[in-house]
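Participant: turn this into a structure:
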Amino acid sequence: MISVGADNGYGHPTDRLLDILASDGTAAVRTDRQGLAVVALDPGGHGALVVWTEKPAIAPARSPAAPVGGPG
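Facilitator: Numbers count the residues shown, from 1 in each chain. Sure thing, here's the model as predicted:
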């Protein structure tokens with residue numbers, strides 16, 4: 001989970017970090033794009049995490065200077 005304010009002046013998260021996470025198979029939940037996010041244990045008792053977000057995830061637009069690797 002990446003907690004970040006919309007239009008923050010620090011440029012976080014960077015495209016490089018998002019690429020690293022994606023290449024490792026890690027899904028990023030971003031509060032600036034998905035709003036409120038809740039992470040809880042699966043009520044079925046199997047120890048799995050359940051993630052609920054206020055807004056659906058959308059693929060961010062990327063510039064040609066920051067290509068995304070892997071299958072599309």
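
Participant: at which residues are the strands of this structure located?
Facilitator: Counting by DSSP state E, the chain has strands at residues 37-41, 49-53.

Participant: compare the ones you listed and give me the one nearest residue 10.
Facilitator: strand 37-41 (19.8 Å; CB to CB). (Each C-beta comes from the backbone N, C-alpha and C, glycine too.)

Participant: tell me the mean pLDDT over that closest one?
Facilitator: Taken as a whole, strand 37-41 has an average pLDDT of 91.

Participant: show me what it is packed against.
Facilitator: strand 49-53 (3 or more CB pairs under 8 Å, 6 or more residues apart in numbering; DSSP states H and E).

Participant: low pLDDT regions in the chain?
Facilitator: 59-72 (pLDDT under 70).

Participant: if you set the cut-off to 80 instead, what comes out?
Facilitator: Scanning the chain for pLDDT under 80 picks out 6, 45, 58-72.

Participant: which residues in it form helices?
Facilitator: 15-23, 31-34 (DSSP state H).
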